[in-house]
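> just to be clear, the model below is a prediction. Sequence and coordinates:
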Amino acid sequence: MIIGLYEMQTNIYRRKLLNSILFLAKKTKHLNTTKLAKLLYFLDFDHFKQTGYPSIGLRYYAFKWGPVPKEFWLEMKDGNIPEDFKGKLAIIPRTDELDPDSKGGYEFKAISEPDLSVFTPRERKILDRLAEIYRDAKAWQISEVSHLPGQPWDVTIKKCGENCPIDYLLAIDEKSEISFDDAKECLKEHFEAVRNLDLEPTK
């Protein structure tokens, strides 16, 4: 289902998805599908760990190679650009056969400037930090971080197996700025609002 222009303009989470991709495409190198999936995961889970609310609210699954926002991946996996992203984002096949990280994948390129007004100062800070840390990293290098023992992807793989949804609550630990119970209530509130107002970031 294609999101119309009006829906795109009124759906804050869809706008955050597009503009986070544009920002990361402008600020980092080697932004293929896998690297993008990991950076979006860090954005959502870092923000949730601090506030109890995800930034974009994508639903991530424990794929073999790391956390993947499955619905978004299905939208883009064949190099297709959604109608509401056209003119702003380009998806380019990776053809460098000498780079094993690039085989059969796509690279994301920003055509337009990101609209940073859709983000809170906290979200901007997280995005800036991610861009600084992972600017030159390849996807396989970032895997070392997303696959750390005891982290949400690792716990999900060990307890549930591959392709299972990753619970945001797995991000809550002693370093979190919010308690587990408060985070649980916030998460429930977030997804109820998204469902009731039809504000899913993907369709």
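Yep, it's here.
> which residues touch the residue nearest in space to the middle of the chain?
With distances taken as CA atoms, centre = their mean, the residue of the chain nearest its centroid is residue 40 (2.1 Å). Residue 40 makes contacts with 17, 20, 21, 56, 58, 69, 72, as judged by CB atoms under 8 Å, 6 or more residues apart in numbering. Any C-beta I mention is one placed from the backbone N, CA and C, and that applies to glycine too.
> that one: which element?
Assigned by DSSP states H and E, residue 40 belongs to helix 33-51.
> same check, this time on residue 198
Going by DSSP H and E, residue 198 is not in any helix or strand.
> residues near it, how many?
Residues within reach of residue 198, counting by other CB atoms under 10 Å, total 10.
> change the start of the numbering to 591 and stick with it
Taking 591 as the first residue, the last one we looked at is residue 788.
> break down the chain into its helices, ranges please.
595-600, 602-617, 623-641, 660-666, 711-724, 729-736, 742-750, 770-786 (DSSP state H).
> can you add distance to residue 679 and mean pLDDT and give those helices back as JSON lines?
JSON lines is the format used below for those (distance: least, CB to CB, whole Å; pLDDT from 0 to 100):
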{"stretch": "helix 595-600", "distance to residue 679": "13", "mean pLDDT": "57"}
{"stretch": "helix 602-617", "distance to residue 679": "6", "mean pLDDT": "98"}
{"stretch": "helix 623-641", "distance to residue 679": "11", "mean pLDDT": "96"}
{"stretch": "helix 660-666", "distance to residue 679": "9", "mean pLDDT": "92"}
{"stretch": "helix 711-724", "distance to residue 679": "16", "mean pLDDT": "98"}
{"stretch": "helix 729-736", "distance to residue 679": "18", "mean pLDDT": "87"}
{"stretch": "helix 742-750", "distance to residue 679": "26", "mean pLDDT": "96"}
{"stretch": "helix 770-786", "distance to residue 679": "23", "mean pLDDT": "97"}
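> am I right that residue 703 is in contact with residue 615?
No - look at residue 703 against residue 615 with CB atoms under 8 Å: they stay out of range, at 10.7 Å.
> so these two - more neighbours on which side?
Neighbours around residue 703 and residue 615, counted as other CB under 10 Å, are more numerous at residue 615. The numbers are 19 against 11.
> okay, the more buried one and residue 701: tell me how far apart.
Using CB to CB, to the nearest Å, residue 615 is found at 9 Å from residue 701.
> same question, residue 663
Noted for residue 663: a distance of 21 Å to residue 701, by CB to CB.
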